[in-house]
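Trainee: Build me a structure from this.
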Amino acid sequence: MMEINWLTVRRGLLLSLVLWMVLREVAGDIGGVVGFLAATMYVGYRADKNYLNGAAHGALVGIVGGIIGGLIILILYLIGFGDYAKQLWPVTSVIMAIVVIILYGIVGGIGGTIGSVIKR
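Mentor: Next up is the predicted model:
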């Protein structure tokens, strides 16, 4: 059975947020994706066990980060900052949000796998 190192996942979430914000300002949306991928590679590198473990940790960063981000966007909509929320995350329906969260999980899993490969 695979053990999840939640400390590494939390660090990856924080790193993902910081890199996404900084690189998005520098290089636009592509910069945000690169920052997210770099954070998931870090998580995969720190996961320690094998490729599957790195992929799972990276996917967790993507899924949990997507859920937290979606909730923050929902709160922004509810308090009246809908235009600002659309700039941050241009998702307009629950189905689109679920698809985006799944894509975050896939990209996170790929990044985690790459981080595990680098470590080996």
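
Trainee: Next up, the contacts around the residue positioned nearest the centre of the chain.
Mentor: Among the residues of the chain, the one closest to the centroid is Gly62, at 3.3 Å (C-alpha atoms, centre = their mean). Gly62 sits next to 36, 40, 101, 104-109, 111 when contact means C-beta atoms under 8 Å, 6 or more residues apart in numbering. Just so you know, the C-beta spots here come from the backbone N, C-alpha and C atoms, and that holds for glycine as well.

Trainee: Restricted to helices, list these.
Mentor: Among the contacts of Gly62, the ones falling in helices (DSSP state H) are 36, 40, 101, 104-109, 111.

Trainee: Show me which of the residues you listed are buried.
Mentor: Taking 16 or more other C-beta atoms under 10 Å as the criterion, what is buried in the ones in helices among the contacts of Gly62 is 36, 40, 101, 104-105, 107-109, 111.

Trainee: possible to save the residues you listed as a markdown table with pLDDT and distance to Asp29?
Mentor: Compiled in a markdown table, these are given as follows (pLDDT from 0 to 100; distance: C-beta to C-beta, whole Å):
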| residue | pLDDT | distance to Asp29 |
| --- | --- | --- |
| Phe36 | 86 | 11 |
| Thr40 | 91 | 17 |
| Ile101 | 88 | 17 |
| Tyr104 | 89 | 14 |
| Gly105 | 92 | 19 |
| Val107 | 91 | 13 |
| Gly108 | 91 | 17 |
| Gly109 | 92 | 20 |
| Gly111 | 92 | 17 |
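
Trainee: Let me know the secondary structure of the residue sitting furthest away from the middle of the chain.
Mentor: Here the chain reaches farthest from its C-alpha mean at Gly80, the gap being 25.4 Å by C-alpha atoms, centre = their mean. Look at Gly80: counting by DSSP: H, G, I helix; E, B strand; the rest coil, its state is coil.

Trainee: Need the per-residue pLDDT for it.
Mentor: Looking at Gly80, its pLDDT reads 79.

Trainee: and it, backbone torsions?
Mentor: phi 100, psi 10 (degrees, to the nearest 10).

Trainee: Good, wrapping up.
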